[in-house]
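*Asks:* predicted coordinates and the sequence they were generated for:
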Amino acid sequence: MTDRRRFLKASLLGAAAAPMLALNKRLEAMPRPTRPAFSGARVVSTWDFGVAANHAAWQVLAKGGHALDAVESGVQVPESDLKNHSVGKGGYPDRDGHVTLDASIMDADGNCGAVAGLEQIEHPISVARRVMERTPHVLLVGDGALQFALEQGFEKQNLLTPDAEEAWHEWLKTEKYQPTVNSEVRNYGKAGAPGGANNHDTIGMLAVDAQGRMAGACTTSGMAWKLRGRVGDSPIIGAGLYVDGEVGGATSTGVGEEVIRNAGSFLVVELMRQGRTPHEACKEAVMRIVKKRREASKTLQVGFLAMNRDGEVGAYAIQRGFSYAVCDAKDQDGLIPAQSVYETSYS
């Protein structure tokens, strides 16, 4: 009886498996889609100051270096630029006078690290990479992020520059908080300058190296005069930055709250996974924001920048004025204006 049961069980299993085996054979016989071979390294980043950042990244890529090293080196340039009041050391403070920095970094395999509300450290992107490589976590914030940075050998320094402090004291006279589209006013408090600030000129960078490996980085000092403790999209994986080595990467700039609400960079990458080009994916992500926030979108800026695994680049924004920089073996100084929903700014 036992042998008969075993025989019947084996027969049933064999019968059930037969259709699956046939299906597997048909799938193996089907022609597989092919992708064009990648022809070289490329790095892209947001805004005009991305040109200088790209140059630093290219020094790594041109030597056959890893994309992860390239994006870290690249965004360190605006982090150290005292004339850049929306990224790093030269950033404008929150309304209480504290300069707080946010950053994230991610590679093609899903490894990622980030810091938010970090004070007194010049290069938050490097601290974010240490979070990725030396902890089991993804995001460290505030005092904990600072403690970790100091334990890793980073040195404290005063990030509130004389220019930023002067601008802050000028802002305190009115305490008017109004983000400016494209941060058009770069000299807050100077003679003849209207009210405003470098409010959301985040730098996001994406790179693919000669071996086809991708990585991305995003870093900012956030909105000027923000509430203490406010965190935007830049250090949020899936919002300000997302990379998938099988598809591509995306990063964002603008009002971070709108990007967070839509998991913007993750959305762009998933749209590329479904077959959209980088430009099409960025445009669709922007249009989702506009559809949900039609009236508000007339006076705010959000832009997306994307690159797929083959090095194809695309971007799109709500307002005109968003530009992105492209650097590869053929073009070292490319700066391209992104298309937008509103070609005439409402601001």
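*Replies:* Everything's here; your move.
*Asks:* contacts for stretch 267-279?
*Replies:* Here stretch 267-279 makes contact (C-beta atoms under 8 Å, 6 or more residues apart in numbering) with 242-244, 246-250, 280-282, 284-285, 288, 304, 306-308, 312-316, 339. No exception for glycine: its C-beta is placed from N, CA and C like everyone else's.
*Asks:* do that again at 6 Å, thanks
*Replies:* The contact list for stretch 267-279 (C-beta atoms under 6 Å, 6 or more residues apart in numbering) reads 242, 244, 247-248, 250, 281-282, 284-285, 304, 306, 308, 312-314.
*Asks:* what's the answer for stretch 110-119, then?
*Replies:* Against stretch 110-119 from outside (C-beta under 6 Å, 6+ apart): 100-106, 124, 127-129, 131-132, 138-142, 145, 231, 235, 237.
*Asks:* just the ones in helices from these, please.
*Replies:* 124, 127-129, 131-132, 142, 145 (DSSP state H).
*Asks:* what about Ala250, which SS state?
*Replies:* strand (DSSP: H, G, I helix; E, B strand; the rest coil).
*Asks:* from here on, count from 52
*Replies:* Sure, I'll start numbering at 52, so the last one becomes Ala301.
*Asks:* how many residues are close by the nearest residue to it once chain neighbours are set aside?
*Replies:* Counting by C-beta to C-beta, 6 or more residues apart in numbering, Ala301 lies nearest to Val319, which is 3.7 Å off, once chain neighbours are set aside. Using other C-beta atoms under 10 Å, Val319 has 32 neighbouring residues.
*Asks:* now Val319: phi and psi?
*Replies:* Main-chain dihedrals, Val319, degrees, to the nearest 10: phi -60, psi -40.
*Asks:* quick one on the thing from earlier: and the contacts of stretch 161-170, which of them are buried?
*Replies:* Using 16 or more other C-beta atoms under 10 Å as the burial test, the contacts of stretch 161-170 include 151-157, 175, 178-180, 182-183, 189-192, 196, 282, 286, 288 as buried.
*Asks:* contacts for stretch 101-113, please.
*Replies:* Against stretch 101-113 from outside (C-beta under 6 Å, 6+ apart): 92, 94, 96, 120-121, 124-126, 128-129, 258, 260, 376, 378, 384.
*Asks:* out of the residues you listed, name the ones that lie in strands.
*Replies:* Residues of the contacts of stretch 101-113 located in strands (DSSP state E): 94, 96, 258, 376, 378.
*Asks:* sorry, back to before: closest one to Asn135 out of the contacts of stretch 318-330, please.
*Replies:* Phe355 (20.9 Å; C-beta to C-beta).
*Asks:* that's a strand at the closest one, yeah?
*Replies:* Yes: per three-state DSSP, Phe355 lies within a strand segment.
*Asks:* that one and Ala380, how far apart?
*Replies:* From Phe355 across to Ala380, the span is 25 Å (C-beta to C-beta, to the nearest Å).
*Asks:* the more surrounded of these two?
*Replies:* Phe355 (33 against 13).
*Asks:* can you check what pLDDT the model gives the more buried one?
*Replies:* pLDDT, Phe355: 98.
*Asks:* contact partners for it?
*Replies:* 301, 303, 319, 333, 336, 367 are the contacts of Phe355 under C-beta under 6 Å, 6+ apart.
*Asks:* which residues does it form beta bridges with?
*Replies:* Taking DSSP bridges as the rule, Phe355 bridges to Ser303, Tyr367.
*Asks:* against Lys207, how distant is it?
*Replies:* 35 Å.
*Asks:* cool, and Phe373?
*Replies:* 34 Å.
*Asks:* all strands of this protein, in order?
*Replies:* According to DSSP E, the strands that the chain contains are 93-97, 152-158, 163-169, 190-192, 254-259, 265-271, 292-295, 299-305, 353-359, 364-370, 374-379, 385-388, 390-393.
*Asks:* His266 contacts Ile156, correct?
*Replies:* Heads up, residue 266 is Ala, not His. No: between Ala266 and Ile156 there is no contact under C-beta atoms under 6 Å: 7.3 Å.
*Asks:* just to revisit the earlier point, state the distance from the residue nearest to Ala301 to Asn359.
*Replies:* Counting by C-beta to C-beta, the gap from Val319 to Asn359 is 10 Å.
*Asks:* now do Gly263
*Replies:* 11 Å.
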